[in-house]
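1. here's a sequence, model it:
(2 chains)
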Amino acid sequence: MTGCPDWQERLQGLIDGELDAAHATEAEAHMAGCAACSEAYADALKLRTALRGEGVYAKAPDRLAVRLDAAVRAASAPTPAFARSPRGERRPERAHWGLSAGRGALAGARWGFGGAGVALAACALLAFMVAPMLQTAQLEQELVAGHVRSQQVGHLIDVVTSDQHVVKPWFGGKIDFSPPVVDLADQGFPIVGGRLDYIGKRTVAAIVYRRGRHVINLFVWPGQGNLGPAEAKPGDGYTLLHWTRGGMTFWAVSDVNEKDLRTFRQLLQARTPA
Amino acid sequence: MAKSSLRASLHDVAGWAVTEARSPAEQRLETSVLTPAAPTSRPGPLSPEQTRRFREVVLVHADAAYNLALRLSRQPEVAEDIVNDAYVRALGGFANFRGGDGRSWILTIVRNRFYDWLREQRLKATVPLSRPANDADDDEDWDFPDTEQDDPEEALAKKSQAGALHALINRLPPRLREVIILREMEELSYREIAAITESPIGSVMSRLARARGALAEAWRAHESTLAEARP
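-> Below is the predicted model:
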């Protein structure tokens, strides 16, 4: 049913809210006296409801999201953070910071209490303090980037499920450690799924939770290195919390409010074996 | 109400005269700015700031790109390739992207890639492909056969509501498929649809009318079949 031929286009304008008030009124007046046009109008609205219904809009599959993400990385300049100073000089890599600091300390010990030795030792100490700070800042950037990426590509979740008993074995064959997967749905933090991510030059587990409309990425990997303060707000409205438990390092990243994220951490700590 | 006076009245709304008054050549010029050419000269890598912007402005619309590509090509694997190809081109042309709506931009590229793919299929095809008689206003409006289902009626009866709608959309010619998707699923304005499809607004409206007429009729038939099937 398409209505009167002469009114067809005007009818579309009315359905789509693209007519000005005067023409809309005219079209409505015509419809009131024309069964064919009012039927076409009602049909179009019914069709709209159906087309905007569940499952009609196709979402990009995860493997396409991964492909697109790879395409973006391939087209981007390598290692954005700390790779180059504004003047274009290459800065020493973080590994070198640790190394030169170690050399300094050794030198200091060999030269005993000489002034140069003390100065070197002081430098070494400073380097030991600065290196982890830089490392932490880099790590935080990577974590936020991982979190943002997980949302930007639509739904970068490799296993989509609300069931913790599915997420845990899914990680089984893919990484060399077994992250604790805790269900917090009863506390308003349902699991959305899990995926692998690449943070700090290693593959880590990312368990994705939801709080209302916000997404929380929980990054987990083995080890409990010194990672600086337990909380960070790198800007852009993201909060990062981290803790270690049972030999694992946990980082929670989200744009949810800080209070909720702390609750999330408490609940997880309470339910994860120490 | 005659068409011409309606068009005239539409010009008063939201400055449509701008789009309508352009010659096809001018429109092509505009879209050639929108659509990056094949990457003959390889652009340099994006800066971290450009990468961040690309993710925020263009990559977020991957679902929209895929939805359009899938409804146009009707084949998931082809749709993925079209979207991937479109994004690679978008990345190559991002340095020239002057801002504006990233979704319209990527949808334009996806659509162009789809018609490129369709043309390649036509060249490869040994059997002449169907050309719907009811949409003769465009040379490109022939279509590759819908491979998704061999027996549409049977498939239709079995499928979910969403599946049934997909099957109905699949039967429309591509020029009608694209306007209905851009309008009802992307909720774009006539003006935006006109820019993406490189068509005058009047054509967008008449195609919408035809698409809606055909779909509503098929949808009604589908529902009555379902009603009869119920005990």
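
2. which outside residues touch whichever strand or helix holds A:Gln266?
-> Using DSSP states H and E, A:Gln266 sits in helix A:258-271. Outside helix A:258-271, the residues that touch it by Cβ atoms under 8 Å, 6 or more residues apart in numbering or on different chains are A:182, A:184, A:187, A:189, A:209, A:211, A:214, A:216, A:218, A:231, A:239, A:241, A:243, A:245, A:250, A:252, A:254, A:256. C-beta coordinates here come from the backbone N, C-alpha and C atoms, glycine included.

3. just the buried residues of those.
-> Buried subset of the contacts of helix A:258-271 (neighbour count, 16 or more other Cβ atoms under 10 Å in any protein chain shown): A:182, A:184, A:189, A:209, A:211, A:216, A:218, A:239, A:241, A:243, A:250, A:252, A:254, A:256.

4. A:Tyr198 in helix, strand or coil?
-> Taken by DSSP: H, G, I helix; E, B strand; the rest coil, the conformation at A:Tyr198 corresponds to strand.

5. I meant A:Trp221, not that one.
-> Secondary structure assignment for A:Trp221 (three-state DSSP): strand.

6. now the helices for chain A?
-> Assigned helices in chain A, in chain order: A:8-15, A:21-32, A:35-51, A:62-74, A:94-110, A:115-152, A:164-172, A:258-271 (criterion: DSSP state H).

7. what's the least confident stretch among the ones you listed?
-> Lowest mean pLDDT within those: helix A:94-110, at a mean of 39.

8. what sits against A:Arg63?
-> A:Arg63 is in contact with B:Glu80, counting by Cβ under 8 Å, 6+ apart.

9. for B:Arg74, what are phi and psi?
-> The phi/psi pair for B:Arg74 (degrees, to the nearest 10) reads phi 70, psi 10.

10. wait, it touches B:Asn170, no?
-> Yes - contact criterion Cβ atoms under 8 Å: B:Arg74 and B:Asn170 qualify, at 5.2 Å.

11. which one of those two is surrounded by more residues?
-> Set side by side, B:Arg74 and B:Asn170 show more neighbours around B:Arg74, with 23 against 18, by other Cβ atoms under 10 Å in any protein chain shown.

12. ok, the nearest residue to A:Gly247 once chain neighbours are set aside to A:Pro180 distance?
-> Closest residue to A:Gly247 apart from its sequence neighbours, by Cβ to Cβ, 6 or more residues apart in numbering or on different chains: A:Pro222 at 6.1 Å. Remark: distance between A:Pro222 and A:Pro180 (Cβ to Cβ, to the nearest Å) = 11 Å.

13. common neighbours of those two, please.
-> With Cβ under 8 Å, 6+ apart as the test, A:Pro222 and A:Pro180 both reach A:Met248.

14. lowest-confidence helix or strand of chain B?
-> One helix or strand of chain B scores below all others by mean pLDDT, DSSP states H and E: helix B:17-21, with a mean of 34.

15. B:Val57 reaches B:Gly102, doesn't it?
-> Yes - the criterion here is Cβ under 8 Å, and B:Val57 meets it with B:Gly102 at 3.7 Å.

16. where does pLDDT dip in chain B?
-> Judged against pLDDT under 70, the low-scoring parts of chain B cover residues B:1-43, B:125-159, B:230-231.
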